[in-house]
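**Student:** Dropping the sequence and predicted coords here.
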Amino acid sequence: MSEPVAEEHVSTVRLRGADAPAAIGAALRDAGFFNLVEHGVSDDLIRDAYAAAESFFAQPEEEKRRFVAPGALGQRGYTATGGERAAGAAAADLKEFFQVGPLEDDSPGGPNIWPKDSFRDAIEPLYAALRDAASKVASAVSVHLGLDPQFLPDRIVGGESILRLIHYPPVPDDAPPAATRAAAHADINFLTLLVGATAAGLEIRSRDDSRWLPVVAQPGQIVADSGDMLQNLTGGVIRSTVHRVVNPPGEGARQARLSMPFFCHPRPDVDLTPLDLSGARPDKYRSLTAGEFLHERLTAIRPDD
Ligand SMILES: O=C(O)CCC(=O)C(=O)O
Ligand SMILES: [Fe+2]
């Protein structure tokens, strides 16, 4: 079998390495995505969370719909297939998902919904481990930008970070021709950590906007990228990167795919007005809070809520 070409497109960064700020900064400015190792998130946590996700999604649709959180814009609990359409996309994404927010019951977005104790036991520790890893990446980005190491981590504490368990079912024969597993989009938040998905399909847009480049996490790696909130706050010094999940060709379309992005968000009251950084273009970005930014984007991609 040939080696996946994916690794050539993004660099591998050791989160514990002394060079993490420089390496993460370079990777985010270059491809916009990187593969993270030495991140402290154990394979066992990931395996147990995938097992819990698989058994949740295997249930009948009506059972899953019991865990929809009305009025939460999908930030908690279940969203059925068709519930999210990327801005400008021709069709809704071919995916269903379940979202878990902060583990503290008094978080601004409300308490989590737990279908079962065993689901909660599998997901909570992964959420906590990814939150720690994301905070360390945020610290490295702060150092890279010449800010206090706690600048970004301090803004994440109490934020609406979300662990999203996604199930892409086998591509239905009657799917609209324009529908893909996840249409091209940039993430809304500060930073995203994606533990290895169960199948290929993730592609990132090259910086010169000419090509789609496949990205695959090897065992033990976490794919990481930065989102539009960080782009706004840094006045475009750290840009977000457009990416998508394509439908597999041939027989692969009959297989489901699971993935688990962790979207690291600032607190809703955090001011995203561009900072005065070298190379920033504050005129191109907006002055608003993270809560306003998130609400605007969620209402745009969830037209039926
Ligand atoms: O499933 C994946 O690999 C990526 C999903 C994604 O980009 C997203 O949910 O924002
Ligand atoms: Fe994404």
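**Tutor:** In hand now; what should we look at? Treat the numbers as computed from the prediction; the structure is a model and nothing was measured. Ligands and ions are numbered 1, 2, ... in the order given.
**Student:** number of nearby residues for residue 249?
**Tutor:** When neighbours are defined as other C-beta atoms under 10 Å, residue 249 has 7 of them. C-betas here are computed from N, CA, C, even on glycine.
**Student:** Does the helix ranked longest in the chain reach ligand 1?
**Tutor:** In the chain, with assignment by DSSP state H, the single longest helix is helix 117-144. No. Using C-beta under 6 Å from any ligand atom, helix 117-144 never reaches ligand 1; the gap is at least 14.0 Å.
**Student:** I'd like the distance from that helix to the chain centre, please.
**Tutor:** Computed by C-alpha atoms, centre = their mean, to the nearest Å, the chain-centroid distance of helix 117-144 equals 12 Å.
**Student:** same check, this time on stretch 132-146
**Tutor:** 17 Å.
**Student:** before we move on, the earlier item: run through the neighbouring helices and strands of the longest helix of the chain.
**Tutor:** helix 20-29, helix 43-57, helix 151-156, strand 162-168, strand 191-195, strand 222-226, strand 257-264 (3 or more C-beta pairs under 8 Å, 6 or more residues apart in numbering; DSSP states H and E).
**Student:** Now mean neighbour count, distance to ligand 1 and mean pLDDT too, for the ones you listed, in JSON lines please.
**Tutor:** Converted to JSON lines, the helices and strands packed on helix 117-144 look like this (neighbours: other C-beta atoms under 10 Å; distance: least, C-beta to the nearest ligand atom, whole Å; pLDDT from 0 to 100):
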{"stretch": "helix 20-29", "mean neighbour count": "20", "distance to ligand 1": "16", "mean pLDDT": "97"}
{"stretch": "helix 43-57", "mean neighbour count": "17", "distance to ligand 1": "12", "mean pLDDT": "98"}
{"stretch": "helix 151-156", "mean neighbour count": "21", "distance to ligand 1": "18", "mean pLDDT": "98"}
{"stretch": "strand 162-168", "mean neighbour count": "23", "distance to ligand 1": "5", "mean pLDDT": "98"}
{"stretch": "strand 191-195", "mean neighbour count": "26", "distance to ligand 1": "6", "mean pLDDT": "98"}
{"stretch": "strand 222-226", "mean neighbour count": "26", "distance to ligand 1": "7", "mean pLDDT": "98"}
{"stretch": "strand 257-264", "mean neighbour count": "24", "distance to ligand 1": "3", "mean pLDDT": "98"}
